[in-house]
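Trainee: My questions concern the predicted model and sequence given below.
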Amino acid sequence: MHGNEAQAYIQSWLAGMEVSLVNAMSRESTLKQVISNYKKDYDYILIDCMPSLGMLTINALTAADSVIIPVQGQYLAAKGLEQLMRTIARVKRQINPHLTVDGILLTMMDSRTTLAREVSEQLRRNYGSRVFSSEIPRSIRVAESSATGTSIYEHDPDGKAAQAYAALTKEVLQLGPQVKRHRADPVR
């Protein structure tokens, strides 16, 4: 299977999984149970979710230790962040008391537009240090790498998106266990 075929297959499989989880016993913790079999073998396990608040996202929040929230530099995406933060707080309260938010990541940023700059300023004003310094720029190279099934580092290693992801990686790694304990938990 090539990149697009594999992506279509996975999306179809995930849509079916969402439906089957609705009637499953302990449906919120299904992914957590699966991941527990592999956790000891990895330093990090990344779970990338669709931008929805369905059962798969609830499963991911239940299985996760921490969350990085990507937010597009657009008004509606910033408004959706409020709902997601409420959902995270509910999951923390009812299912996963150890869940923390490591940060909010601005993505698909076009800093040439007033709207993107205003959204960035608003999020930084409302969420302060919880917003990562790194911002992922809008880039056709990212879309191309996704379409070809390659990483941005393979597709355009010297491009601005690859450099932004590398900067984000450094920023996230600086959140190591000792720093994380002292970082304010934005989930209430």
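Mentor: On my side now, so go ahead.

Trainee: Spatially nearest residue to Tyr38 (excluding sequence neighbours)?
Mentor: The shortest distance from Tyr38 to any non-neighbouring residue, by CB to CB, 6 or more residues apart in numbering, is to Ile45 (6.9 Å). Using the backbone N, CA and C atoms, a C-beta is placed for each residue, glycine as well.

Trainee: To what extent is that neighbour buried, counted in neighbours?
Mentor: Ile45 has 12 neighbours, counted by other CB atoms under 10 Å.

Trainee: cool, and Leu46?
Mentor: 7.

Trainee: for Asn37, same thing?
Mentor: Counted with other CB under 10 Å, Asn37 comes out at 8.

Trainee: ditto for the one 5 residues further on
Mentor: When counting by other CB under 10 Å, one arrives at 9 neighbours for Tyr42.

Trainee: any idea how far it lies from Ser36?
Mentor: When distance is defined by CB to CB, to the nearest Å, Tyr42 is 12 Å away from Ser36.

Trainee: Give the intersection of the neighbour lists for the two.
Mentor: Here Tyr42 and Ser36 have no joint contacts, going by CB atoms under 8 Å, 6 or more residues apart in numbering.

Trainee: Which strand runs longest in this protein?
Mentor: For the chain, the strand with the greatest residue count under DSSP state E is strand 100-109.

Trainee: ok, that one: who's next to it in the sheet?
Mentor: Applying DSSP bridges to the sheet, strand 100-109 is found paired with strand 66-72 (parallel), strand 131-137 (parallel).
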